[in-house]
Every structure is written in structure tokens, then in C-alpha cells.
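1. just need the structure, nothing else, for what follows:
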Amino acid sequence: MDVIGASYKPKLDGNGGVTFVPAGDRTVDFEKLAERFRDFGLNLDKAAIKDLNRIRNEIEYYYTNASPQVVREAIAKAFPVVSDLFALADENPALMLGDAWGAMLEVKETYERELAACRATFAPVEWDSSTLAAATFNCTECHSDLVAQADPTNTAQEGVDCVCRACGASMEAGAAIEHALQLHLDDEVYRSAKDGGESPLDACPECARETYLQYDDENACAACGFALEERCASCGTPLTPNDAWVENRDLCSYCGYKMSKDD
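-> Numbers count the residues shown, from 1 in each chain. Reported below is the predicted structural model:
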């Protein structure tokens, strides 16, 4: 989402006003645009327009493999952002965009109906994980949110095999759960890596998927249900998927290593 012209940043002029000074010779990209909005205390929902920005970049620099349905979905997700921007500018989008505004409204309404139908298929599921229950299932192939439960009568969390209504891709439950959690906890995983803390999402020692949750009050794999003991049976240190002894998961790696040497 480049903007023609150099990037600028605000600077106080000393008299209670603000001037803008060049910040290098690069154009304003997607991340800078979000940063600019934050500088002015304005809310820009980056997540809502992330897919549209990705498709736009693909089209500009090469081509996109996104289906018409996925493109329409990206437009529908961006709709609230467009509406908010016109409100901030105190402009009427119907007057400014003409027929394009009516087309956007139609796309949004159609998408919301389809999305509601997809999400209704998960209603019977008895979720063991509140984190997964709050996550959005997303297609691993085309990245559409128009994902439904393949068997809408299924009630088991570990049995949520899925199908994408945008591209037709099928996803077995483990892959669908893994992808949903990665998207849902992306910011928390990034912050933990940046700050050197424990990740809320790790590889499960049992099924090897990135679906083991240590988040809020949860301590179990959302895909297979495997759960570690809270503490090492020998030294009492908290157990994590990364620190559990491979041969005996009731022990931390250090205690397991010591015991193996003693044997």
C-alpha cells in the first residue's frame, strides 16, 4: 500500500502546531502507514486489510493465485476500515465512490452470510480449549476464513475436520487446529520470542504439531489432548514441551539426563 511521494514524519513546530519533515526517500509502505495512524492516535485495523495488501502486492509485482472468492473476501474484510476512513475525513463514501461503494456493500453482505453459515457448523463442538474456541479457522491453502466443519454434527474438538468453501480444500483436524492457533496467537508468540519468554504455543511432545498450549489456564495439546504434569516429578521445576525429558515426560530434561547417567 505505497503512497506516491516521500515518507514524512510529524514534528512539533514549537508554537503548538505540527509540521512534517521528510523521513528518508522511501515511499510510505503498509507498516509505515499503520505507524502514521498510531502517531495521530487513529485506529487502523491492520489485520482487516492485511490480506488485501498482500493480494495488491502480488498483482503489482507479478500475479496473484488468489481466487475471485478470496479477493472478494479481502475486500469485505477491508470494508469497515474504508468506512472508518471516510468517517474520519467527514466524507460520504457513497458520493465519493459512486457505483464502487454499492459493489463493496454487496460483496460485504454476501461474505458475511457465507461466513455466518460456515461458523454455524462449529456450534455443536464441545470445546476443551477456550483458546481454540475463540480462534478463527482459516484455510491452509488459500487463507480464506470461509472454513466449515466437514461434519457439522461432530461434537469432538479433536474431530473438527474442515473444508474450505472458497477453494474446496480439505483439512484434517490437526492441521486445521494448528493453523487456527498459529494465526490466533501470532502476536503473543512474537512478543514471547522478542522478550525471551516462554511461547504460549509449542510443538506437542505426543503428536509433534504446533498445538500445545500453555496460555491463560490451559496446559495441553489442542489437537490430541496430551497434557504434561505441571512440574517435574524430581525437582519441581515447571515443565514445558521444550524441557520435558523425551524418555519420561514427567521429568525435566536435566533430571532425566542425570537419572540416565546414574543408570
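
2. and the strands in the protein?
-> 8-12, 18-22, 147-149, 162-164, 170-171, 201-202, 212-215, 218-221 (DSSP state E).

3. residues touching the third one, excluding its own?
-> Yep, that's strand 147-149 we're talking about. Contacts to strand 147-149, defined as Cβ atoms under 8 Å, 6 or more residues apart in numbering, come from residues 117-118, 121-122, 125, 137-139, 160-165, 171, 176. For every residue, glycine as well, the C-beta is placed using N, CA and C.

4. can you tell me which of those are buried?
-> 118, 121-122, 125, 137-139, 160-165, 171, 176 (16 or more other Cβ atoms under 10 Å).

5. ok, those residues vs Leu52, which is closest?
-> Asn138 (15.3 Å; Cβ to Cβ).

6. verify the contact between the closest one and Asp145 for me.
-> Yes: using Cβ atoms under 8 Å, Asn138 is in contact with Asp145, at 5.5 Å.

7. count of residues packed around Tyr257?
-> As a burial measure, Tyr257 scores 13 neighbours (other Cβ atoms under 10 Å).

8. who's in contact with the closest residue to it other than its chain neighbours?
-> Take Tyr257 and drop its neighbours on the chain: the residue closest to it by Cβ to Cβ, 6 or more residues apart in numbering is Trp245, 7.3 Å away. By Cβ under 8 Å, 6+ apart, the residues touching Trp245 are 251-253, 255-257.

9. for Trp245, give me phi and psi.
-> Note on Trp245: backbone dihedrals following degrees, to the nearest 10 are phi -70, psi 130.

10. and the gap between Ser192 and Glu198?
-> Applying Cβ to Cβ, to the nearest Å, the value for Ser192 to Glu198 is 6 Å.

11. do Thr64 as well
-> Thr64 is 37 Å from Glu198, by Cβ to Cβ.

12. Asp250 touches Arg231, doesn't it?
-> No: between Asp250 and Arg231 there is no contact under Cβ under 8 Å: 9.3 Å.

13. the closest residue in space to Leu185 that isn't next to it in sequence pairs with what?
-> Take Leu185 and drop its neighbours on the chain: the residue closest to it by Cβ to Cβ, 6+ apart is Leu201, 5.0 Å away. Listed by DSSP bridges, the beta-bridge partners for Leu201 are Leu213.

14. quick one: pLDDT of the most centrally placed residue in the chain?
-> Nearest residue to the geometric centre of the chain (Cα atoms, centre = their mean): Leu183, 2.8 Å. Looking at Leu183, its pLDDT reads 93.

15. and it, what does it touch?
-> Counting by Cβ under 8 Å, 6+ apart, the residues that Leu183 touches are 135-136, 138.

16. just how off-centre is stretch 65-78 within its chain?
-> 16 Å (Cα atoms, centre = their mean, to the nearest Å).

17. now do that stretch: everything it contacts.
-> The contact list for stretch 65-78 (Cβ under 8 Å, 6+ apart) reads 48-49, 51-52, 54-55, 58, 64, 104, 107-108, 110-112, 142-146, 166-167.

18. could you measure from Gln182 over to Glu218?
-> According to Cβ to Cβ, Gln182 stands 16 Å off from Glu218.

19. tell me how many other residues crowd Ser67.
-> The tally of other residues near Ser67 (other Cβ under 10 Å) stands at 14.

20. quick check, pLDDT for it.
-> Per-residue confidence (pLDDT) for Ser67: 74.

21. can you pull the phi/psi pair for it?
-> Here is the backbone geometry of Ser67 (degrees, to the nearest 10): phi -70, psi 160.

22. quickly list the domain ranges of this structure.
-> The chain breaks down by automatic domain parsing into domains covering 1-40, 45-120, 125-184, 200-262.

23. hmm, back to that, out of the contacts of Trp245, which are buried?
-> Here, 16+ other Cβ under 10 Å leaves 251-253, 255-256 buried among the contacts of Trp245.

24. give me the buried stretch members for stretch 141-148, please.
-> 142-148.

25. check stretch 195-210 too.
-> Buried positions in stretch 195-210, judged by neighbour count with 16+ other Cβ under 10 Å: 199-207, 209-210.

26. perfect, I'm done here.
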